[in-house]
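Asks: structure here, sequence nowhere to be found:
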């Protein structure tokens, strides 16, 4: 599939699935009292307009970063041999060798690196989240059995677990490519 078509289809899916999720959520909880989104439950966002603006801005950022990662990508890979997997992950994210735990509290200093990295990882996670939330809403709206097992912790476990697997697989695939290609 060519890059333009793939970008268009993935972006359309993200926009559709995020919109469908918001629409179904609004029908269920117009006052947000039943909303499980951490923006509401932890940060205290209490109006739909604020919630939609935040989600909209984050979604637009992910699509923009995805655009950069597809059409103007930066080579994230180290040029030297000898990186362990954890050093490689850190280099992909930050652009230098650091302790792997630094990925949890540091951001890339290079904006192009950040856009390329987040454009790949967050896009895949939003596509996955769209599949999960769409299936969830279809089950909630059209089945009886799912309503008995549905819970916010279950959904977040599926979302977080899936995104961790996606990130791990993406990093592991790039690491295999690095091991096969790196020349010093």
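Replies: Done, it's in. Predicted, not measured: the structure shown is a model, and the values here were computed from it.
Asks: contact partners for residue 41?
Replies: For residue 41, the contacting residues are residue 35, by Cβ atoms under 8 Å, 6 or more residues apart in numbering. For every residue, glycine as well, the C-beta is placed using N, CA and C.
Asks: for residue 28, see how far away it is.
Replies: 15 Å (Cβ to Cβ, to the nearest Å).
Asks: before we move on, what about residue 179?
Replies: On the measure of Cβ to Cβ, residue 179 and residue 28 end up 48 Å apart.
Asks: again with residue 74
Replies: 41 Å.
Asks: compare those two (neighbour count), which wins?
Replies: Per other Cβ atoms under 10 Å, whichever of residue 74 and residue 28 has more neighbours is residue 74, with 18 against 14.
Asks: okay, the more buried one: pLDDT?
Replies: pLDDT recorded at residue 74 is 93.
Asks: list the buried residues for the helix or strand hosting residue 136?
Replies: Assessed by DSSP states H and E, residue 136 sits inside helix 111-142. With burial defined by 16 or more other Cβ atoms under 10 Å, the residues of helix 111-142 counted as buried are 113-130, 132-134, 136-137.
Asks: and if you look at stretch 97-110?
Replies: So for stretch 97-110, counting by 16+ other Cβ under 10 Å, buried means 103, 108.
Asks: and it, how far out from the chain's middle?
Replies: A distance of 18 Å separates the centroid of the chain from that of stretch 97-110, by Cα atoms, centre = their mean, to the nearest Å.
Asks: same check on stretch 166-184?
Replies: The chain centroid and the centroid of stretch 166-184 are separated by 19 Å under Cα atoms, centre = their mean.
Asks: quick one: mean pLDDT for it?
Replies: pLDDT averaged over stretch 166-184 gives 89.
Asks: tell me which residues are up against it.
Replies: 76-81, 83, 85, 88-89, 92, 120-121, 124-125, 128.
Asks: tell me which residues of that stretch come out buried.
Replies: Buried residues in stretch 166-184, defined by neighbour count with 16+ other Cβ under 10 Å: 166-167, 170-171, 174-175, 178.
Asks: where does this structure have low pLDDT?
Replies: 182-184 (pLDDT under 70).
Asks: if we use 80, what do you get?
Replies: Applying pLDDT under 80 to the chain flags the ranges 1, 182-184.
Asks: which elements pack onto the host helix or strand of residue 11?
Replies: Counting by DSSP H and E, the element that carries residue 11 is helix 3-28. Counting contacts by 3 or more Cβ pairs under 8 Å, 6 or more residues apart in numbering; DSSP states H and E, helix 3-28 packs against helix 48-71, helix 111-142.
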